[in-house]
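A.B. asks: Just to be clear, the model below is a prediction. Sequence and coordinates:
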Amino acid sequence: MRSIRFTITVSTVLIILTSTMAVLGASYLIGHNETDQNSVRMMNLINEDREKTLEKYFGSIEQSAEIMANVAIEDLDSVFLTESGAVRTGTSEQTPEQKTALDEYLHAYCGRLQDLFSGVADNTQGIISYFYCINPEFSSSERGFYYKKIGKTGLIEQTPLDVVNLEPEEYLDATWYEAAVSMGRPGWVGPYVFEDQWVYSYFVPIYKAGTFIGLIGMDISCDTLVDQLKDVRIYKTGYVCLLAANGRVVYHPDFPIGTGKDEMQFGVDEQLLQGKNSGNALIRCTVNNESRQMSYSTLANGMTLFCIVPTNEINAPWIRLVRDIAMIAILIIGVFAVLVSFLMGAIMHPLKQLTDASQRLADADYTVDLNYEGRDEIGALTGAFKRMRDQIRQYIENLNHQILYDRMTDLPNMRHFFTLALQEKEKMQAEGLEVVMVYIDIIGIRHYNRQYGFKTGDKMIMNLAKILARHFGAQRICRFGGDHFTAVADEDRVDEILKAVLRDCETAIDGKRMSIRVGIYPNRLENVDVSIACDRAKFACDLNRGEMSSSIAYYDETMRKQGEMNVHIIQNLDRALKEGWVKVYYQPIVRAADGKVCDEEALARWIDPQFGFLSPGVFIPALEEAKLIYKLDLYVVEQVLKKMKEQERLGIYLVPQSINLSRMDFESCDIVEEICRRVDEAGVDHSMITVEITESIIGSNFEFMKEQIARFRKLGFPVWMDDFGSGYSSLDGLNQIPFDLIKFNMRFMERFDEGDEGKIILTELVNMAMSLKIETVCEGVEKAEQVDFLREIGCTRIQGFYYGRPVPFEEIAASKGKEGALEYENPEEAGYYASISRINLYDFSALSNEADSSLAHYFNTLPMCIMEVSGTRLWYSRCNQSYRDFLKRTMNVDYSTEEIDIMDSDAESGTLFLRGVMQCARDGKRAVIDEYVGSETVVHTMIRRIAVNPVTNTTAVAVAVLAVSTETADGADAGQKAGGSADTPRYMAHGLSTTSELKDTIISLLDNMPCLTFTKLAKTGVYIACNQAFAEYAHKDSPAGVIGLTDSLIFDEKTASHFMEDDKKALSMNEPYVFIEDVLDAAGNRRCFQTTKLKYYNFNSQLCILGMCQDVTDIVRVRRENAEEKA
């Protein structure tokens, strides 16, 4: 108990002592500061008094000397000086007669001045001498005059001074005459010793007509200045001192005149002496190792007056006061200590009771009951301590869990996992088991997040975490970050575990499949650190990055060598670029309309002197991983620009050159600025350099990439989306980023012969791009049938081995003019062929004008073609499959691109149609032709001019077959059954349906439409035909499940009623009924659909309804955003 009592007593005393010391300290600081300020003010007053006295004294001397100088100048005759040759006006030398005349003049001149100067000097206090020294170069014989005070007598004339033979002054580093002349203006010189006396001199140079005549000066004795300063005292030993402008002592009580500042050991920061005076600033200095305070002021003549006082003399009164206060404080503290000790004894008893109870609590005796004034404080305190203890224990456990475990999945984080994995590894090795490190990555989660939101993506990650924890064990798996996981496992069981994981992944996303990539590093290859093993497992995992289905890859010797190859590539990149190991090859991109090269893609090829040809799939990922790919891509740009210069020199048409950029290009530098600067320096138009960016790059940082693409396009660089369709392609990117062209991945061509699904998808993608006014190119084309298909569906450009492999420019240049070599497109014709290519042969609106609302919504499977006309010759350029079928079924001819001359007799059978084509080509007016084929069949055709070749004057026209109708027995067109005339597009369906031999064509067209299509009887509402898309919408496996049913049997009552109301409106109209509405698709998602319904009679004269429903969600959104941007 004594320790508590002692602690409280000491603490109280310390508090009192601290408070007292704080008061003393504050008093000391305030008093010390006030004393300092008083001393500064006092020293400033002394300085100001001495400064005024000295300034007045020096000013009187300066005034006297300048009066004498002005008189001397005025008394000089400029004309005489010029005539005597003293003032040189040319290069002639002074004659002896002129010299004699000058000497006589100067002698009289000096005589006149002596009497006047004597009076001025006598009235100037403190003068010990004055003189006028004639410049020896001005006159070699006349020296001037010199007066000096000797003893108590007045100023006595002395022998004029010989300035030529003066000895240099020790303290001036020159003679006093040279020092005065070198100033070139009136000023003070000194102090220095002259004729055994310390003097301070004021000199005024005399000039006349620009010629230096001589020097007028007055000397004062430094003793005069000393007399004015030596009696000044501050405190006991404080003093004032005076330093000349050169820093030497004029007066100091402890140092002789002429002492330098360094010899005085004047310890003060020179920065504090830069002003005119010290003002109210307190300047501390050290003189002879003693602390002092000082103030200063600078005189007009450059001298500095200092007032210096020892610090201890300034502080002595305050120190005595503080000492007295301290003694009083000690007495007070002693009294308080006694009083506190007495009071502590009075409160110790209850504290002892509390201490005894606390000890029992510490011994786990929680039954103690401490009653103090009728209250159980100990019981309440014990309960509070227990609750607080439990809360702190739980808080620490939670905090440790948050530090060591991932918040989302509750799995160990990377840092904690390394510790756990090392323990598991050592444990398994001790049991004789082989260890593997497993790296897992979810495929396509970025696209999943963009489509369904991050919340759903997080759920996907948590589902996988549960699966992995269930099969690997919660302490053997960790979330590395994002959608990446790492696990440690027994090599003998890892395959079994992964099979179970993949099995659970089949239904991991609300019953749907989740695809994952897995990389495995077996520790038996090399016993490495856990972190290195994770890196190698990730390396194996990343090898299958292009795969969209689940895969497992083991790290092996090949991967190790690939890692070494990556190191070689990274280390030798700069050398490879400098020495030409990296070469740029060019692959032609051909326009579908004319078969000529309209673009070229620049591709890097690494030919290593040690390893030979390195695949881009090897060196590009390595450089991307090291963030050095920007060097390669900028090198390619530079080589492309050089190639374009050489190509132009060789007379080969220049076409745009496309370059591929990596995501790392944008992260490593300002790639937009770098490319723009290089292109500008080369003098190449921005439109000739195309930037290709893969879809995966855009998804990695969408907003940032959107901004960079906008920068490229604003600067005039075309931007293409490369590799579209290689992974989880998103149409949202096309909606938000206005690309100039989409390049479809070569996988579409690789699977060209595997079935119609890929062709249908590619067709719809091309149609979509055309609707968005975006051009298309398909790569990987190797066969003629692929070329024909792409031309038919409207793909504007084609790239692949069919036209040429990537080759260096040297081969391109060498093939110029050779037979079989690809032709380069004339830039002047590019617009013409681009117009032909952009026509969508599956979009009838291409032939209609904006004003033709009746045609704008017409369905998109009409037989259509593009024809070119030159003079009397014309030929087919492109057509769709419907047109091929039309020619075969209706005209019984095969599609051919051979030329037709309208003047040939063989063309007479198509005279009306061909003349209509020729007329439209000439006048540009749209034409509708009705022509009989045979005796009963009428073909209704629309023709429209779309472009004119500015070089060859060839004209391109688009042709669409609107209807094929058959005359009835009474001579009326079967189309008349629906009302209206046969020369309008709305009866195309009527004509086809009444011709039995075209029934299969309609069914084929419906089946291959990308949208929902169906046919039903108007009277009963029974479906008689539909395509697979509509069957899926109706939740049926195939169209067979729909045929024979009505809306009431397929859909719910509300939906069926809505559809039947639409049917009634379509039957009441003599034109297609077109409307747009938001409905739920087969997956239950709300989408925007455009529906077209029209009535027609089938071959059995039954009234039917033909319907088409197309998902236009993305198109509507794009048009709305474009309209908003224009607004």
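C.D. replies: Sure, I can see it.

A.B. asks: When you work out contacts or count neighbours from here on, use the C-alpha atoms and nothing else.
C.D. replies: Will do.

A.B. asks: can you pull the pLDDT of residue 1082?
C.D. replies: pLDDT, residue 1082: 52.

A.B. asks: Also the one 3 residues further on?
C.D. replies: Residue 1085 is assigned a pLDDT of 69 by the prediction.

A.B. asks: Same question for residue 488.
C.D. replies: 94.

A.B. asks: List the contacts of the helix or strand harbouring it.
C.D. replies: Using DSSP states H and E, the element containing residue 488 is strand 484-490. Residues outside strand 484-490 that contact it (Cα atoms under 8 Å, 6 or more residues apart in numbering) are 421, 424-425, 428, 433-442, 472, 476-480, 534.

A.B. asks: Just the buried ones from those residues, in ChimeraX syntax?
C.D. replies: A single ChimeraX command selects the buried members of these (16 or more other Cα atoms under 10 Å):
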select :421,424,425,434,435,436,437,438,439,440,441,442,472,476,477,478,479,480,534
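
A.B. asks: Could you check how far the spatially most central residue of the chain is from residue 794?
C.D. replies: Taking Cα atoms, centre = their mean, the centroid of the chain lies closest to residue 670, which sits 7.2 Å from it. Residue 670 sits 36 Å away from residue 794, taking Cα to Cα, to the nearest Å as the criterion.

A.B. asks: Can you tell me which helices and strands the following helix or strand past the strand holding residue 488 packs against?
C.D. replies: Following strand 484-490 in sequence order, the next helix or strand is helix 491-505 (DSSP H and E). Under the contact definition 3 or more Cα pairs under 8 Å, 6 or more residues apart in numbering; DSSP states H and E, helix 491-505 sits against strand 435-442, helix 454-472.

A.B. asks: In a markdown table: these, plus distance to residue 749 and mean pLDDT.
C.D. replies: Below are the helices and strands packed on helix 491-505 laid out as a markdown table (distance: least, Cα to Cα, whole Å; pLDDT from 0 to 100):
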| stretch | distance to residue 749 | mean pLDDT |
| --- | --- | --- |
| strand 435-442 | 27 | 93 |
| helix 454-472 | 32 | 89 |
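
A.B. asks: Which one of those lies nearest to residue 805?
C.D. replies: Of all the helices and strands packed on helix 491-505, strand 435-442 sits nearest to residue 805, with 35.2 Å by Cα to Cα.

A.B. asks: Run the angle between whatever helix or strand comes next after that closest one and helix 454-472 for me.
C.D. replies: Toward the C-terminal end, the helix or strand that comes next after strand 435-442 (DSSP H and E) is helix 445-452. Inter-element angle recorded for helix 445-452 and helix 454-472: 140 degrees (by axes from the mean of the first three to the mean of the last three Cα atoms, to 10 degrees).

A.B. asks: per-residue confidence averaged over helix 445-452?
C.D. replies: Averaged over helix 445-452, pLDDT sits at 74.

A.B. asks: Parallel or antiparallel, which strands does the strand holding residue 488 pair with?
C.D. replies: With DSSP bridges as the test, strand 484-490 is paired with strand 435-442 (antiparallel), strand 477-481 (antiparallel).

A.B. asks: ok, residue 791 touching residue 878?
C.D. replies: Yes - assessed by Cα atoms under 8 Å, residue 791 is found in contact with residue 878 at 6.6 Å.

A.B. asks: list residues touching both of the two?
C.D. replies: Taking Cα under 8 Å, 6+ apart as the criterion, residue 791 and residue 878 both touch residue 593.

A.B. asks: Looking at those two, which is more packed in?
C.D. replies: With neighbours defined as other Cα atoms under 10 Å, residue 791 and residue 878 compare such that residue 878 has more, 26 against 22.

A.B. asks: hang on, that one is in a strand, isn't it?
C.D. replies: Yes - counting by DSSP: H, G, I helix; E, B strand; the rest coil, residue 878 is located in a strand.

A.B. asks: if you skip the residues just before and after it, what's nearest to it?
C.D. replies: Once flanking residues are discounted, residue 878 sits nearest to residue 866: 5.0 Å by Cα to Cα, 6 or more residues apart in numbering.

A.B. asks: ok, the helix or strand where that neighbour lies: who's next to it in the sheet?
C.D. replies: Using DSSP H and E, residue 866 maps to strand 864-870. The strands beside strand 864-870 in its sheet (DSSP bridges) come out as strand 873-879 (antiparallel), strand 955-966 (antiparallel).

A.B. asks: now residue 632, nearest residue through space, not along the chain?
C.D. replies: Among residues not flanking residue 632 along the chain, residue 577 sits closest, at 7.6 Å (Cα to Cα, 6+ apart).

A.B. asks: how close does that neighbour sit to residue 1076?
C.D. replies: 57 Å.

A.B. asks: what do you get for residue 1064?
C.D. replies: Distance, residue 1064 to residue 1076, using Cα to Cα: 17 Å.

A.B. asks: between these two, who's got more neighbours?
C.D. replies: residue 1076 (15 against 12).

A.B. asks: before we move on, back to that, for residue 1047, find the nearest of the helices and strands packed on helix 491-505.
C.D. replies: Evaluated with Cα to Cα, those place helix 454-472 nearest to residue 1047, the distance being 34.5 Å.

A.B. asks: who touches that closest one?
C.D. replies: 408-409, 411, 445, 448-449, 474-477, 479, 483, 487-489, 497, 500-501, 504-505, 508-509.

A.B. asks: ok but residue 613 is inside a strand, no?
C.D. replies: Yes - under three-state DSSP, residue 613 sits within a strand.

A.B. asks: Need the nearest residue in space to it, chain neighbours excluded.
C.D. replies: Nearest to residue 613 is residue 607, by Cα to Cα, 6+ apart, at 4.4 Å.

A.B. asks: what's near enough to touch the one you found?
C.D. replies: 581, 582, 583, 613, 614.

A.B. asks: Need the buried ones from those residues selected in ChimeraX.
C.D. replies: Those of the contacts of residue 607 that count as buried under 16+ other Cα under 10 Å are selected in ChimeraX with:
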select :581,582,583,614
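
A.B. asks: Adding distance to residue 627, write the helices and strands packed on helix 491-505 out as TSV.
C.D. replies: Output for the helices and strands packed on helix 491-505, formatted as TSV (distance: least, Cα to Cα, whole Å):
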stretch	distance to residue 627
strand 435-442	22
helix 454-472	28
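
A.B. asks: Could you give the average pLDDT over stretch 250-263?
C.D. replies: Stretch 250-263 comes out at a mean pLDDT of 80.

A.B. asks: Okay, buried residues for that stretch please.
C.D. replies: Buried residues in stretch 250-263, counting neighbours by 16+ other Cα under 10 Å, are found at 250, 251, 252, 257, 258, 259, 260.

A.B. asks: And that stretch, end to end?
C.D. replies: With Cα to Cα, one end of stretch 250-263 sits 14 Å from the other.

A.B. asks: cool, stretch 191-202 as well?
C.D. replies: For stretch 191-202, the end-to-end distance is 11 Å (Cα to Cα).

A.B. asks: which regions of the stretch 201-350 of the chain lie under the pLDDT threshold?
C.D. replies: 266, 269-273, 282, 343-350 (pLDDT under 70).

A.B. asks: can you give me the strands in it?
C.D. replies: 211-221, 239-243, 249-251, 266-267, 283-287, 290-298, 304-310 (DSSP state E, counting those that start in this stretch).

A.B. asks: Equivalent analysis for the stretch 901-1050 of the chain, please.
C.D. replies: Remark: strands assigned in the stretch 901-1050 of the chain by DSSP E, counting those that start in this stretch are 927-933, 937-948, 955-966, 1012-1017, 1023-1026.

A.B. asks: With mean pLDDT, mean neighbour count and distance to residue 1109 as extra columns, can I get the ones you listed in TSV?
C.D. replies: As requested, the strands of the stretch 901-1050 of the chain are exported to TSV (pLDDT from 0 to 100; neighbours: other Cα atoms under 10 Å; distance: least, Cα to Cα, whole Å):
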stretch	mean pLDDT	mean neighbour count	distance to residue 1109
strand 927-933	79	18	28
strand 937-948	86	23	25
strand 955-966	83	26	21
strand 1012-1017	87	24	5
strand 1023-1026	86	21	11
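
A.B. asks: Out of these, the one nearest residue 264 is which?
C.D. replies: Of all these, strand 937-948 comes closest under Cα to Cα, at 99.7 Å.
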